[in-house]
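> I would like the atomic coordinates for the input below:
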Amino acid sequence: MVKWVVKLDEFDIQYRLRPSMKAQVLTDFIAECTIDDNKSEDATIKEAATSEPDLTSIWVLHIDGASNAQDSGAGLILTNSEGVVIEYVLRFNFKASNNQVEYETLLVSLKMAKELEIDSLKIFTNSQLIVGQVKGEFEARDPIMAIYLQKVKDLVTNLRYFEIFHIPRMRMPEPTHFLDWQ
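Numbering: from 1, shown residues only. I've put the predicted structure just below:
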């Protein structure tokens, strides 16, 4: 550890403790995520009858999962146009492939959207297999993947608007040495 401190010292890196979260964070969360129950029933029915989603009502979800021999987990970020951001980290206590972890994350995300009464959702993931299967472009040949796919389709039927997109993984740039620039 001391060797790294000495090596990194020449770069003038300052170490600061992470500040603790204050009780105000919980208050802010409640204030931002409280649903307005004072809407009239007519406005709610009219809102539900529209086939085109209001751009302000679409929530955007980014998910990514990973698995290795020791552990598996995932992260998700759910945002809306008003700036509300919900970040969630998942840790799975069972052995799973990367594709199973991605599906588990998608299922948790869809269940969370249902609990939050979100009816318009755009999902972005780096799993080409999941996107292809959900869109019907790929066939789910593996029985486990077919079960996951069916669960996702069941949850998606509750949404008024749903789209899923593939974000290609970027190739990592070749490592460069900071001393080579001289």
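> now the strands for this protein?
Ranges of strands in the chain, per DSSP state E, are 59-67, 72-79, 85-92, 120-125, 161-166.
> tell me the buried residues in the biggest helix by length in the chain?
Criterion DSSP state H: the longest helix present in the chain is helix 98-115. Using 16 or more other C-beta atoms under 10 Å as the test for burial, helix 98-115 gives Asn99, Gln100, Val101, Glu102, Tyr103, Glu104, Thr105, Leu106, Val108, Ser109, Leu110, Ala113. No exception for glycine: its C-beta is placed from N, CA and C like everyone else's.
> so it versus strand 72-79, what angle?
40 degrees (axes from the mean of the first three to the mean of the last three C-alpha atoms, to 10 degrees).
> now do helix 98-115: which elements does it pack against?
Here helix 98-115 is seen to pack against strand 59-67, strand 72-79, strand 85-92, strand 120-125, helix 128-135, helix 143-156 when contacts are counted using 3 or more C-beta pairs under 8 Å, 6 or more residues apart in numbering; DSSP states H and E.
> which other residues reach the shortest one?
Strand 120-125 has contacts (C-beta atoms under 8 Å, 6 or more residues apart in numbering) with 53-54, 57-64, 102, 106, 109-110, 113, 131, 159-167.
> the same query, at a cut-off of 10 Å, please.
For strand 120-125, contacts defined as C-beta atoms under 10 Å, 6 or more residues apart in numbering pick out 52-65, 76-78, 80, 102, 105-106, 109-110, 113-114, 130-131, 134, 152, 156, 159-167.
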